[in-house]
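Peer 1: fold the following and give me the result.
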Amino acid sequence: MNSSKPAKAVKDVVEAAAEKVTEALTPDVPGAPGSATPTVEEPTTTHDPLPPRKEQGAPETRTPTGAPTGAPTIANGQQGAFLTTSQGARLRDTDHSLKAGPRGPTLLQDHHLREKITHFDHERIPERVVHARGAGAHGVFTGYGTAEEITKAGFLRKGKETDVFVRFSTVLGSRGSADTVRDTRGFATKFYTDEGTFDLVGNNMPVFFIQDAIKFPDVIHAGKPHPDREIPQAQSAHDTFWDFVSLHTEAQHHTMWNMSDRGIPRSYRTMEGFGVHTFRLVNAAGETVLVKFHWKPKLGVHSLAWEEAQLLAGVDPDFHRRDLYDAIEAGAYPEWELGIQIFPDTPEETFSGIDLLDPTKIVPEELAPVQPVGRLTLNRTPRNFFAETEQVAFHLGHLPPGIDVTNDPLLQGRLFSYVDTQLTRLGGPNFSQLPINRPHAPVNDMLRDGFHQQAVHAGVAPYRPNSLDGGNPFPAGDADNAFVDVPVTVAEATKVRANPVSFDDHFSQVRLFWLSMSPVEKEHIVRAYAFELGKCYHQAIKERQLQSLANIDPVLCAQVATGLGLPAPEPTVPLADVAPSPALSQVGRGWPTDGRTIGIVVDADSDLDGVDAVRRAVFAAGMVPLLIAPHGGTVGGRPVQRTFATARSVEFDALLLAGAPAPAPGAIPARDAKAGAADSAAVDPRVLLLVQECWRHAKAIGAWGAGVGVLEQAGAAGTLGVVAGDSGADVFTGVRQLMAAHRVWDRFPASVA
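Peer 2: As a prediction, this is how the structure comes out:
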């Protein structure tokens, strides 16, 4: 370059080149908080509200009674360029109260102050008693047409597209708790069908702790923080939970699922969903079958390592919702197939000896295969979390024609509880008129008035029969696709507070689950029981739970007892003779790697051309590359997304090393505790920690060039799941193949067969 060029011209050329590299290499790295790039100075030029981000959606603009308005969804957002009161009066100042002189008292007549503070004081509504911590997204469901012979539900017809809103959640924690705690996850889907709303309100586990809804307050009270100290938050590792489940053995099946890796999912995108209960479908001819609903993730079922879950609760308590929203923003749309297990609708309501009304039991997929009936794709994030995710109201009684409930006693209680809850949370009976809850079907319900009534009803006769409104609304018949209350025969019986005898088996299916696990999954279950019971104060509770484990499997009991330093008791019931269900294991198959995150360690001396090639390959594979560097900004014109100070292994599904960065200026323990994790003068100790954590968490690791030396210093070279090569592209190819299995579990041989 000509040294006579002015310094500014040289700077402009360099910046322009860097900008081109940036544009070429970062098409979809997610995370920018707004839809426009901010300026350093405060903007002063007036303009209308900025458009929403490209991945954001909002409830369709419908009237409170379900009619489409044709207005864009931004019509529900703020309007105009100027600050106003809630009534639209423009304001010149919102930073100063109205006072009697600059140093005088604030005047009561300041209507803007009163409106602003009063609204702020009432911004919060009661959080959900359970499922308070949640995240939601919009999407579309497409029917396959494979269920048309067994149900008249129109949203399952071939090619039929239905808007949906899905809310994922944890059960026990408060709104401010962490995403990655060991807990059951909610998987609630609102289908806005043109025949009425259908809410499929399920979990990521197919069974529940209890068989009868009357015990729901008990199990939640037992799982919640202790009432005297309000600790521990969002955990089952405490005395009251284990006191309840060890005394209430019907809870053992769900407890085993919770102690398995299912209790700490890798993401919402790799989480199965289940309707839990048995439902009844009816077709156009009035014929019925019984079914169980299943959501199968496209990416397979995958979980966190226990250490990762603990780290994330501190490093990024929003990990699951961030992963969901980043994936949608990056175009890696989460997908699930909706499937059903189908059973004959017999008077006994059993299948292969399994009581279909018992919510603590599953029907193994080997006995009743899951048959796909449609696909769910989440493709838009909420535009406003409170208006959508917090105010969405689900209810199992929101059913379209063709789907009906059964006499499952847990389901029956939920049919009451969900509506009752909304009356307090959402301020009255008109919660269905909130934009996120509005049906996409015409509503003419004769319900009137009440808090927050938003419809402006016409007519004078909200009753039937009437003549003053010309008889409207009229009852619908079969030809009008009316909802079907299936005329099930109710057997003559005596009123009792009791369960059927078939509900009394509390151990056989728990044993089935245990025997279906791979050795590494069994190791994780043992560790979970030992950890959680180890957090209990009372020895009696530990001994009582060990007795339940002895009745499930002696090996499981002995391993947990060893971890607790207690003797293993003998079984008090005969061990069930069950056949394992391979479908229950998360391990042993290959899955798509869409939307995974690849961390790439770089510095100025790295093979940056190789890094460019790897980033292009990662983007082409539908994954997200994040550069990890000694500092923020750019390295050789390449944008840095993470630094050695901010990055932890839990953020990445795999790690690539493009160099061997020397210790950065911030690599001192006084500034970054991670810098004291390893003693090396050659490589930044935080990079070594990153490699060692990824290795411990059974993740694929790759290196080329100088990065191979980092593997050797970290003690990972030559081990299973570690790829070294001459070029970044070749190394990434090997790492991607390993990622299809989620983890490299063979790196750690299990001691439990």
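Peer 1: what mean pLDDT does the helix or strand harbouring Val618 have?
Peer 2: In this structure, Val618 sits in helix 608-620 according to DSSP states H and E. Across helix 608-620, the average pLDDT comes to 95.
Peer 1: residues in contact with the biggest strand by length in the chain?
Peer 2: Using DSSP state E, we find that the single longest strand of the chain is strand 371-382. The contact list for strand 371-382 (C-beta atoms under 8 Å, 6 or more residues apart in numbering) reads 53, 55-58, 136-144, 146-147, 155-156, 164, 166, 189, 295-296, 324-325, 328-329, 333-342, 388-389. C-beta: built from backbone N, CA, C; applies to glycine.
Peer 1: how about the contacts made by the nearest residue to Leu720 once chain neighbours are set aside?
Peer 2: Excluding its sequence neighbours, the residue lying closest to Leu720 (C-beta to C-beta, 6 or more residues apart in numbering) is Arg747, at 4.5 Å. Contacts for Arg747 (C-beta under 8 Å, 6+ apart) come out as 695, 698, 719-721.
Peer 1: pLDDT below threshold where in this protein?
Peer 2: 1-28, 677-680 (pLDDT under 70).
Peer 1: picking up where we left off before, would you list the contacts of Arg747 in a markdown table and tack on secondary structure, neighbour count and distance to Thr346?
Peer 2: Shown next, in a markdown table, are those (DSSP: H, G, I helix; E, B strand; the rest coil; neighbours: other C-beta atoms under 10 Å; distance: C-beta to C-beta, whole Å):
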| residue | secondary structure | neighbour count | distance to Thr346 |
| --- | --- | --- | --- |
| Trp695 | helix | 23 | 53 |
| Ala698 | coil | 19 | 46 |
| Thr719 | coil | 12 | 55 |
| Leu720 | coil | 14 | 50 |
| Gly721 | coil | 23 | 49 |
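Peer 1: list the buried ones in stretch 44-52?
Peer 2: Buried residues in stretch 44-52, counted by 16 or more other C-beta atoms under 10 Å: Pro52.
Peer 1: show me what contacts the nearest residue to Leu357 once chain neighbours are set aside?
Peer 2: Take Leu357 and drop its neighbours on the chain: the residue closest to it by C-beta to C-beta, 6+ apart is Asp408, 4.6 Å away. Counting by C-beta under 8 Å, 6+ apart, Asp408 touches 277-278, 357-359.
Peer 1: distance of Asp408 from Thr37?
Peer 2: 53 Å (C-beta to C-beta, to the nearest Å).
Peer 1: what segments of the stretch 251-400 of the chain are helices?
Peer 2: With DSSP state H, counting those that start in this stretch as the criterion, the stretch 251-400 of the chain has helices at 252-259, 306-315, 319-329, 385.
Peer 1: ditto for the stretch 101-250 of the chain
Peer 2: 111-121, 216-223, 239-247.
Peer 1: which of the ones you listed sits most buried?
Peer 2: Among these, ranked by average contacts under mean count of other C-beta atoms under 10 Å, first place goes to helix 239-247 (a mean of 20).
Peer 1: other SSEs contacting it?
Peer 2: Using 3 or more C-beta pairs under 8 Å, 6 or more residues apart in numbering; DSSP states H and E, the elements in contact with helix 239-247 are helix 216-223, helix 539-552.
Peer 1: which of these sits closest to Val301?
Peer 2: Among the helices and strands packed on helix 239-247, helix 539-552 comes nearest to Val301, with 22.1 Å by C-beta to C-beta.
Peer 1: that closest one to helix 239-247, inter-axis angle?
Peer 2: 40 degrees (axes from the mean of the first three to the mean of the last three C-alpha atoms, to 10 degrees).
Peer 1: quick one, helix 539-552 and helix 252-259 angle?
Peer 2: 100 degrees.
Peer 1: and helix 539-552, how far out from the chain middle?
Peer 2: 32 Å (C-alpha atoms, centre = their mean, to the nearest Å).
Peer 1: what comes up buried for that helix?
Peer 2: Buried, per 16+ other C-beta under 10 Å, within helix 539-552: 541-552.
Peer 1: just the residues you listed now: which is nearest Arg124?
Peer 2: Ile541 (36.0 Å).
Peer 1: please name the residues that touch the closest one.
Peer 2: 239, 242-243, 246, 533.
Peer 1: check the gap between the nearest residue to Tyr537 once chain neighbours are set aside and Ser751 for me.
Peer 2: In space, and not counting its chain neighbours, Tyr537 is closest to Asp239: 5.5 Å by C-beta to C-beta, 6+ apart. Counting by C-beta to C-beta, the gap from Asp239 to Ser751 is 29 Å.
Peer 1: could you do Leu367 as well?
Peer 2: For Leu367, the distance to Ser751 - C-beta to C-beta - is 31 Å.
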